[in-house]
Each structure stands twice: as C-alpha cells, then as structure tokens.
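In: Output the structure for:
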Amino acid sequence: MQGFLLLAFSLVTTAHAEFCRPDAQNAFKVRLSIKTALGDNAYAWDASEEYLFKAMVAFAMRRYSSQKTTQISNVLLCNVTDRVSFWFVVTDSSKNATTVPRGEVEAAIRMTRNRINNAFLLNDRTMQFLKISSTLSPPTEPSVPIWLVVFGVVFCLIVAGIIFLIVSGIQQRKKNNKEPAETENLEEKCEATVTIENGMPCDMLNLKTGQINGGYAADDERFTPL
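Out: Sure thing, here's the model as predicted:
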C-alpha cells in the first residue's frame, strides 16, 4: 500500500514537473518587486505567500465562466527564485492530465488583476505577469503638444521684449526733446526779467554813456551862479 502511494505521488510529481516548467505550454512567469513596493515594510515570500497566490489564481479561474470547479491544487508553481520570480500553470480540474489553455488563464487573470494585486499590496508594476498585458490605463496625452506650448512661451517672451524696447525708446525720445525746450524757456525767462535799481529799470539805463537824473540837474543849475 505504501509502495502504491509512493508510486502515485511520484507520478503526480512527474506530471507536475512536465506541466510546470519555464516556457512550457500554457505556463506564465510572474516577477514580484516586494522590496521596491513596500520598502522597510516588505514581507518575505514563503510557502504561505505561495498558497495565497494559488488561492487567488483559483479564485480568478472560478470567477471565469468555464472554470468554476478549479481548486487550489490545480494551480502549480515551479522555479521559484529568491528574487521572487516563478512560473505557474493551471491544470484542468476535469482532466488532470492537461492544462487550461493559455487564453482562458490570461482572460481570468486580467478580469481579477486588481484583486490579486491588492492581496499582495502590489500593483501592475511591482507584480508583473509576463506576457499578460497590464491593466494600467494608457497614459493620457496632453490636448496641446508640448512643442506648441514651448513655442508659445518663447514667442510671448520675444513679443514682450520688443514692446519693452519700443516703449523705452519712445520715453527716451520724449525725454531728449523735453530738455532743450526747458533750456529755451529758462533763457526767455531770464531775458524777460527786469532788474529794478533806485526805482528805475536797469535796462532803461545806458550804462556806457550814462543818464542824468533830472532832479540833480535842477539843483546844479540853481547853485551854479554863486
């Protein structure tokens, strides 16, 4: 009896090794970046984590319409590395000698991808199902091209510089025209200013020939005969 059990176990192990191997038909590779995602809170990948992964894959297959009878034992893991990467396959629950087609497993994983990621506190970047397209939404492209934005900024700076130069030139020209006018006005004011001395305008005196004051002239004539 024990020999029969050992033989059955060896046959199962051999079948599992045949199904689950790198690049085997219907096999998928998974790569985890736990340290990158969680830093100091990173957890170790052990047998319990492997069991949880098998359970999540079985859950995904059971939710998928054609594989409602999938058990945890139908999910096989192999080639597990310390850097946390491994291969897995899903065997057919009704035909243990075959694996579930690749397309069905991929569809089931994609349908439950967010639930699987959340179970391990990871996302599509830190839990990669190779050859299964990511569920991340494609990056949104800006409505206005980047080069057009840069061109608009440079163009506005150039226009602002031209306007500044024009306004500065006009102000400098007004300043230059204003200075001669102020000088002329100052000279006119100086010419129009009349200096008063002894009650008489200085400009009425002939400084070269002199001018006789009539009051003193009368006194001279009066005292002259003496």
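
In: measure residue 58 to residue 126 for me?
Out: With distances taken as CB to CB, to the nearest Å, residue 58 is found 22 Å from residue 126. (C-beta placed from N, C-alpha, C; glycine too.)

In: How many neighbouring residues does residue 127 have?
Out: By other CB atoms under 10 Å, 21 other residues sit near residue 127.

In: same thing with residue 161?
Out: Neighbour tally, residue 161, other CB under 10 Å: 10.

In: who's in contact with it?
Out: With contact set as CB atoms under 8 Å, 6 or more residues apart in numbering, residue 161 has no partners.

In: re earlier: neighbour count for residue 58 and residue 126, which is higher?
Out: residue 58 (21 against 17).

In: so where's the chain uncertain?
Out: 1-17, 66-67, 96, 134-143, 178-226 (pLDDT under 70).

In: which residues in it form strands?
Out: Here the chain has its strands, by DSSP state E, at 28-32, 75-78, 85-90, 127-129, 196-197, 200-201.

In: Tell me which residues of the first one come out buried.
Out: Of all the residues in strand 28-32, those buried under the rule 16 or more other CB atoms under 10 Å are 28-30, 32.

In: hmm, who's touching it?
Out: So strand 28-32 is contacted by 22, 45, 53, 84-89, 102, 105-106, 109, 120, 122, 126-132 (CB under 8 Å, 6+ apart).

In: Run the angle between that strand and strand 85-90 for me.
Out: 140 degrees (axes from the mean of the first three to the mean of the last three CA atoms, to 10 degrees).

In: List the pairing partners of strand 28-32 within its sheet, with orientation.
Out: Its sheet considered, strand 28-32 pairs with strand 85-90 (antiparallel), strand 127-129 (antiparallel) by DSSP bridges.

In: Most tightly packed of those?
Out: strand 85-90 (a mean of 21; mean count of other CB atoms under 10 Å).

In: Run through the bridge partners of the closest residue to residue 79 other than its chain neighbours.
Out: Excluding the flanking residues, the one nearest residue 79 by CB to CB, 6 or more residues apart in numbering is residue 87, at 5.1 Å. Beta-bridge partners for residue 87, by DSSP bridges, are residue 29, residue 78.

In: And residue 87, how close does it get to residue 76?
Out: For residue 87, the distance to residue 76 - CB to CB - is 9 Å.

In: Also residue 157?
Out: Separation of residue 157 from residue 76 (CB to CB): 64 Å.

In: Neighbour count: those two, which is higher?
Out: Taking other CB under 10 Å, residue 157 and residue 76 do not tie; residue 76 has more neighbours (20 against 10).

In: now the more buried one, nearest residue through space, not along the chain?
Out: In space, residue 76 is closest to residue 20, 4.2 Å off (CB to CB, 6+ apart).

In: just checking, the one you found touches residue 74?
Out: No: contact criterion CB atoms under 8 Å: residue 20 and residue 74 do not qualify, at 11.4 Å.

In: And the helices in the protein?
Out: 2-19, 34-38, 47-63, 102-111, 113-119, 146-192, 214-223 (DSSP state H).

In: Now do the contacts for residue 26.
Out: 89-90, 99-102, 105.

In: JSON lines please, covering the residues you listed and showing distance to residue 163.
Out: Below are the contacts of residue 26 laid out as JSON lines (distance: CB to CB, whole Å):
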{"residue": "89", "distance to residue 163": "71"}
{"residue": "90", "distance to residue 163": "70"}
{"residue": "99", "distance to residue 163": "73"}
{"residue": "100", "distance to residue 163": "71"}
{"residue": "101", "distance to residue 163": "70"}
{"residue": "102", "distance to residue 163": "66"}
{"residue": "105", "distance to residue 163": "66"}
